[in-house]
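**Student:** predicted model and sequence follow; I will ask about them next.
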Amino acid sequence: MIVQFNHLQRKPAASTTQEVVDTLYSLLEEGRIEQEQFARLRVQLDWIQYRQNFRECVMATKATSDRTEQFPPLEVHIDTRQVTPGCLREAILRNLANSADFPTPGAANPHREGVFLEDFRPFRESIAWGFNRLYWHRLADWEQFTGRGYELALPGGKSDANHPAAVADCVADFWTLLRDLENRKQLPEEIFVMEIGVGMGTRSGLWLDRFHALDRERGTNYYPRLKFLLGDYSLATLERSRPAVKEHLDLCSFVVLDALNPLKNLAFLRHKILHIHLTNVYDNLPDEEFARRDGRLYAVQVRAYIPPAGAQRISKELDVPADDIPRTVNRLLEGGPDYLSDRQRGVAFWQETWQAMRLEERLVSLDDLPDLAIPGDLRTSQLEEVLEEAPSDVRFHLSSGALESFHNTLPLLHPRGFLQVQDIFVTNFNEYRLGFHGPGKLDGSIVNWVNGALLREVGERAGYDVHFAPFHYRKGSKTSILYTTQRE
Amino acid sequence: MTLPILPTTVVGSYSMPGWLERLKTEFYARRISRRDLDEIHDTAVKAAIKDQEVAGLDIITDGELRRDNMIDYFAERLPGVQIDHSSKKFHYDFYDSKVLGKLPTAPLGLVEDFKFLRSFTERETKFCVTGPHSLSKRIRNEYYPTEEEFAMDLARVMNPELKAIAKAGAHFIQIDEPNYSGFPEDLPWAVKALNAMVDGVEAKIAVHICYGNRYGKPSWEGSYRYLLPGILDAKVHQLTLEFARRGGEDLDHFRDLPARLELGVGVIDVKTQAIETPDLVADRIRKALNVIPAERIVVLPDCGCLHLPRDVAFAKLSAMVEGTHLVRKELQN
């Protein structure tokens, strides 16, 4: 048995660790776990930083494979923050029973309790992302129901995107670039800048204010040549951002675009945009995870479900029978909260199901997924090369959505342009061994750490060096800044 | 060898297959031998030659598939250039290379590459070599007092090799100088170095100038306006330029090109995988015909096809040939 425990500094976690080991040994002695299975068992103890997430406090993940293996890899994940003292043994036993055989990928587990919302699939295709989409499209309904704006859900109650010093530094870098291009007689007539994922437009407004002031102060007259694009996939969000840039509306264009592929709408700006900025967009793009175990690579598949207690509560409080929950969820995601008799009840159902929703997991050998597509032009051979440098037993995000977005944004950059992304990055595969990195729930949306090491690889192959710097403007911030420069 | 009107060719490189990239990287990791890699290169070059022939090109290159990139292949051959062989992980990266003393003269081994090409095609050929300005911008100069002197000495060392290539039967040699566009202020001395490099070489000489194609993206933006009139001092027969990606906006600058100069007109955008239609290619050629007579036009992509997948590169070249046929027919009528 391999036990991996993180956050040793937490005393409650340390005591849980002892309890976990004692419990598993007693189950072994009682013959509830086979000796061979015990030998291959991996127990991961995490302190999950998102109080709202998709895991129960104990969760078993089993590997499936076409290969005949009597005891395929089995993992038990325990969130040491959530575990209730005295309940561990029962929870482990229940999860071990629940993880009983699923003979082939796609088959359901007849022993699993709860209400299932989908079959096993990569996380990026999970119904969880339907909830995430609904949140951004119907944000006003959600906010009205909870009585608070989404920025209040962020750590510290506000976005790092809007930190004045960070904006000022970015503007200063950009001005220096323009000056350099002008000195080389290479400054384009139209100076394109783009913000993707504009939120309330606060950062765009701050950036434009600052740039205007700097340009006036230095007498360079770049400001009138600016073409500032505000991009977001929600027209409603773009509308909300207009007041923040009201002093600069003549320079601004509001563009509905898919953050996964900005090039689709903006191909005419290929190689023309001098600066592109994103904050907290990548951490909210569809993602999936891979794991390497015993020298083999596995895809992590998930299946969304509502645990029995949650299903009972929803039935009782919202008058939706447990059997009817999947159908009602589909109606909610298709038609929004109005689809249920009244909006108030619809939002209540939405929030209850979202809070209760969990993801069951299993590992599927990549040998059994021959049609696996990896986004961002990342070839499996390249992934293997990257993994050669990574720890031998690591579970990591593929960051599919972020890779796709990154890959489809870089061609928009002017040869001397730069892309800046503020987000929560794992910049080194070793960091994955130090703790859980999502997914979690942030209000009604999904939040997930982004695999910066893979982005770096994709960037390098596309001709960009990718650097990460800590966001030093706010103490304790987990944000990093990804910065691209042209690769010689 | 008689060429048709509006002859078609590539700029130099052909699509680099993913498996070849991987094998090159394996070589740097010392997992395959030099001898094996040489055989792999021979096979890949033969395939590139055949693909160009089947696509219908009139002038064939070796696809430059032996080359990691446009600098290192030459830096490794130039005596006196010191290379840190541990300085790159991926074959397309640049070596950290430098010059610490005066460059000695010695054969560079390029003649063998040309002979190999010549022996596998009956069609007209073109052999491409990176020019002294671009080499001087990438190989670190720690000896010569100025960049200009370094470039002039590179030209001196490479000149005998070009003469030998011509003597071996090369009728057409192209010098690649993409860095002109990044450093327009260097043009006067860069042209001097180019002239020194091709001095006395008994072959048709082209110079290819683009906006860069590193990793399949431009390295600079701007306008070819900077080339004139300085480039007219170059002792070459053809300018090979990038027009397709930029919408032909620069073509007008070359309306008064002296009659001694041909224009290689880029009609295929190699920085996108979208495949041009023959009609679009024909349209681009017609635009060039408004500026310069057909007898002085060579049809080719904007730059090398190195970064395009093989199927895309082949389809683009086929469309280029088909589009050229459309215009040839119009000219005959």
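**Tutor:** Nice, thanks for sending it over.
**Student:** which residues of chain B lie near chain A?
**Tutor:** Contact residues, chain B versus chain A (C-beta under 8 Å from any C-beta of the partner chain): B:18, B:22, B:25, B:90, B:94, B:138, B:184, B:211-212, B:214-222, B:271-272. The C-beta positions use only the backbone N, C-alpha and C, and glycine is treated the same way.
**Student:** you'd agree residue A:286 is up against residue A:401?
**Tutor:** Yes - using C-beta atoms under 8 Å, residue A:286 is in contact with residue A:401, at 4.2 Å.
**Student:** quickly list what's touching both of these two.
**Tutor:** Each of A:124, A:260 lies in contact with both residue A:286 and residue A:401 under the rule C-beta atoms under 8 Å, 6 or more residues apart in numbering or on different chains.
**Student:** who's sitting farthest from the centroid in chain B?
**Tutor:** Distance from the centre of chain B peaks at residue B:333, with 33.5 Å (C-alpha atoms, centre = their mean).
**Student:** that one and chain A: what is the separation?
**Tutor:** 36 Å (C-beta to the nearest C-beta, to the nearest Å).
**Student:** what about residue B:154, neighbour count?
**Tutor:** 28 (other C-beta atoms under 10 Å in any protein chain shown).
**Student:** go on, residue A:254?
**Tutor:** Neighbours of residue A:254 (other C-beta under 10 Å): 19.
**Student:** could you do the one 3 residues further on as well?
**Tutor:** Other residues lying near residue A:257 total 20 when counted by other C-beta under 10 Å.
**Student:** sorry, back to before: so which of the residues of chain B next to chain A sit within helices?
**Tutor:** Judged by DSSP state H, the residues of chain B next to chain A include B:18, B:22, B:25, B:138 as members of helices.
**Student:** most surrounded residue in those?
**Tutor:** Most surrounded of those: other C-beta under 10 Å gives residue B:25, at 20 neighbours.
**Student:** nearest spatial neighbour of that residue, chain-adjacent residues omitted?
**Tutor:** Nearest non-adjacent residue to residue B:25, counting by C-beta to C-beta, 6 or more residues apart in numbering or on different chains: residue B:91, 5.2 Å away.
**Student:** hey, where'd the strands end up in the stretch 51-200 of chain A?
**Tutor:** For the stretch 51-200 of chain A, strands defined by DSSP state E, counting those that start in this stretch occupy the ranges A:58-64, A:74-79, A:115-116, A:121-122, A:191-196.
**Student:** including distance to chain B and mean pLDDT, could those go into JSON lines?
**Tutor:** As requested, those are exported to JSON lines (distance: least, C-beta to the nearest C-beta, whole Å; pLDDT from 0 to 100):
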{"stretch": "strand A:58-64", "distance to chain B": "29", "mean pLDDT": "88"}
{"stretch": "strand A:74-79", "distance to chain B": "33", "mean pLDDT": "88"}
{"stretch": "strand A:115-116", "distance to chain B": "40", "mean pLDDT": "94"}
{"stretch": "strand A:121-122", "distance to chain B": "24", "mean pLDDT": "94"}
{"stretch": "strand A:191-196", "distance to chain B": "12", "mean pLDDT": "98"}
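**Student:** can you tell me which of those is nearest to residue A:97?
**Tutor:** If you check each of the strands of the stretch 51-200 of chain A against residue A:97 by C-beta to C-beta, strand A:58-64 wins as the nearest, at 8.9 Å.
**Student:** mind listing the strands that closest one pairs with, and their directions?
**Tutor:** Take DSSP bridges as the rule and strand A:58-64 pairs in its sheet with strand A:74-79 (antiparallel), strand A:358-365 (parallel).
**Student:** quick one: these as CSV, columns for distance to residue B:45 too.
**Tutor:** Putting the strands paired with strand A:58-64 into CSV (distance: least, C-beta to C-beta, whole Å) gives the following:
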stretch, distance to residue B:45
strand A:74-79, 50
strand A:358-365, 39
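**Student:** and of those, who's closest to residue A:444?
**Tutor:** Set against residue A:444 and scored by C-beta to C-beta, the strands paired with strand A:58-64 come closest in strand A:358-365, at 16.0 Å.
**Student:** and for the closest one, what's in contact with it?
**Tutor:** Counting by C-beta under 8 Å, 6+ apart, A:54-56, A:59, A:61-67, A:73, A:75, A:98-99, A:102, A:105, A:109, A:112, A:114, A:120, A:123, A:126, A:128, A:291, A:293, A:296-307 sit against strand A:358-365.
**Student:** same question for stretch A:38-50.
**Tutor:** By C-beta under 8 Å, 6+ apart, the residues outside stretch A:38-50 that reach it are A:1-7, A:10, A:13, A:16-17, A:20, A:24, A:28, A:33, A:55, A:71-82, A:293, A:393, A:435-436, A:438-442, A:447.
**Student:** ok, of the residues you listed, which come out buried?
**Tutor:** A:5-7, A:13, A:16-17, A:20, A:24, A:28, A:33, A:55, A:72-81, A:293, A:435-436, A:438-442, A:447 (16 or more other C-beta atoms under 10 Å in any protein chain shown).
**Student:** who's in contact with residue A:464?
**Tutor:** A:410, A:419, A:484, A:485, A:486, A:487, B:215.
**Student:** again, only using 7 Å
**Tutor:** Contact analysis of residue A:464 by C-beta atoms under 7 Å, 6 or more residues apart in numbering or on different chains lists A:410, A:484, A:485, A:486, A:487.
**Student:** near chain B, from those?
**Tutor:** Under the cut-off given by C-beta under 7 Å from any C-beta of the partner chain, chain B has residue A:487 from these close to it.
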